[in-house]
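Q: sequence and predicted model, in that order:
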Amino acid sequence: MADEKIEPLNFEQALAELEKIVTSLEQGNVALEQSIETYERGEALKKHCQTLLKAAEDRVEKIRLTADGTPNGTEPLDPE
């Protein structure tokens, strides 16, 4: 798994692998060098998940309503 590319993973796949890494590191049954490599992959997976989550958030839109409550288009969830 450590040699597999991260970019093709979707959010759920990356998160599942990250959870396995956390569990593995918490158990402490891994040699130091392997722990470091595993931790580095975990950091890369975390960054990938954050990027995917941000992209999803950017796509989320909230519905604009008219005064009478009728939907009238969309706007970004968090306009800047």
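A: Received it, and whenever you're ready, just let me know what you need.
Q: all contacts plus neighbour counts: C-alpha atoms, from now on.
A: Fine.
Q: might you list the low-confidence residue ranges for this structure?
A: For the chain, the stretches with pLDDT under 70 are 1-3, 60-65, 74-80.
Q: residue ranges of the strands in it, please?
A: 61-65, 71-76 (DSSP state E).
Q: now the residue nearest the centre of the chain. Nearest residue, chain neighbours left out?
A: By CA atoms, centre = their mean, the chain has its centre lying nearest to C49, at 1.9 Å. Distances taken as CA to CA, 6 or more residues apart in numbering place F11 nearest to C49, at 5.7 Å, with adjacent residues excluded.
Q: residue contacts, the one you found?
A: Applying CA atoms under 8 Å, 6 or more residues apart in numbering to F11 gives the contacts 48-49, 52-53.
Q: distance of it from E33?
A: According to CA to CA, to the nearest Å, F11 stands 27 Å off from E33.
Q: contact partners for the residue nearest to the centre of the chain?
A: C49 neighbours (CA under 8 Å, 6+ apart): 11, 14-15.
Q: off-centre distance for the lengthiest helix in the chain?
A: In the chain, with assignment by DSSP state H, the single longest helix is helix 32-59. Mean-position distance between helix 32-59 and its chain equals 7 Å (CA atoms, centre = their mean, to the nearest Å).
Q: mind listing what's buried in that helix?
A: Buried residues in helix 32-59, counting neighbours by 16 or more other CA atoms under 10 Å, are found at 35, 38-39, 41-42, 44-46, 48-49, 52.
Q: need those in TSV with distance to E19, can you?
A: Formatted as TSV, those follow (distance: CA to CA, whole Å):
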residue	distance to E19
S35	15
T38	12
Y39	12
R41	12
G42	9
A44	13
L45	10
K46	10
H48	14
C49	12
L52	16
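Q: for those, which two are the farthest from each other?
A: Across those, the longest distance by CA to CA is 25.4 Å; it joins S35 and L52.
Q: run through the residues that contact the nearest residue to G42 once chain neighbours are set aside.
A: Among residues not flanking G42 along the chain, L18 sits closest, at 5.6 Å (CA to CA, 6+ apart). L18 is in contact with 42, 45-46, counting by CA under 8 Å, 6+ apart.
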